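[1] Here's my sequence, what's the structure:
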Amino acid sequence: MSELATLARPYAEAVFKRAKETGNSEEWSDTLAFLTAIMQDESLAAIVNNPRVDEDKLKALLLDICQDQTTEEAKNLLNLLIENGRLNLVSHIAELFEKYKAEDEGYVDVDVITAYALTKVEEKSFATSLQKKFNKKVNITASIDKTLMGGFLVKASDRVIDGSISGQLQQLAKRI
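    I've put the predicted structure just below:
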């Protein structure tokens, strides 16, 4: 796990615990996604990363941006991150929060990458197989990567299942 993810863990755990207490996990999910999106803006990132920008002005700017999009608790989190110089952790907090939420709700998000588009029947069959493998419900996000040549690549949390032709060719090349 990266250093930033390690630093983000206590924040993510606290937010998840609070979301469970108040029963608003979806709202927190949306809020963290929104905060991640605004922090990815290049012009805002330049301001956030500028040590000359006064903390109070940064708070005012971000709270103004988030005005109608976040709850008071989310604004408190934002203030805490600013005060501790941890705004750069927002995306990691969001990612960890989603992992905790998925684990709690008994599902796993799975990226399925194939060389060609899956039909609905194939996707359903894939989901059934993956549910058996992971013993959890799965949310599949399918995408296409022609460089795989054939087969599939499955990414679920920290697990990768490479059933692609290009992956098999790479394994063969390593053995030779």
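[2] secondary structure element for residue 13?
    Element membership of residue 13 [criterion: DSSP states H and E] is helix 3-22.
[3] what about the helix or strand just after that helix, distance to the chain center?
    As assigned by DSSP H and E, the chain's next helix or strand after helix 3-22 is helix 25-39. For helix 25-39, the distance between its averaged C-alpha position and the chain's averaged C-alpha position is 10 Å (Cα atoms, centre = their mean, to the nearest Å).
[4] Helix 25-39 vs helix 3-22, what angle?
    In terms of direction (axes from the mean of the first three to the mean of the last three Cα atoms, to 10 degrees), helix 25-39 departs from helix 3-22 by 150 degrees.
[5] neighbouring contacts of helix 25-39?
    Residues lying outside helix 25-39 but in contact with it, judged by Cβ atoms under 8 Å, 6 or more residues apart in numbering, are 15-16, 18-19, 44-45, 48, 62, 65-66, 69-71, 74, 78, 87-88, 90-91, 93-94, 97-98, 101, 104-105. (C-beta placed from N, C-alpha, C; glycine too.)
[6] run the last query once more with 7 Å
    The contact list for helix 25-39 (Cβ atoms under 7 Å, 6 or more residues apart in numbering) reads 15, 19, 44-45, 65, 69-71, 74, 87, 90-91, 93-94, 97-98, 101.
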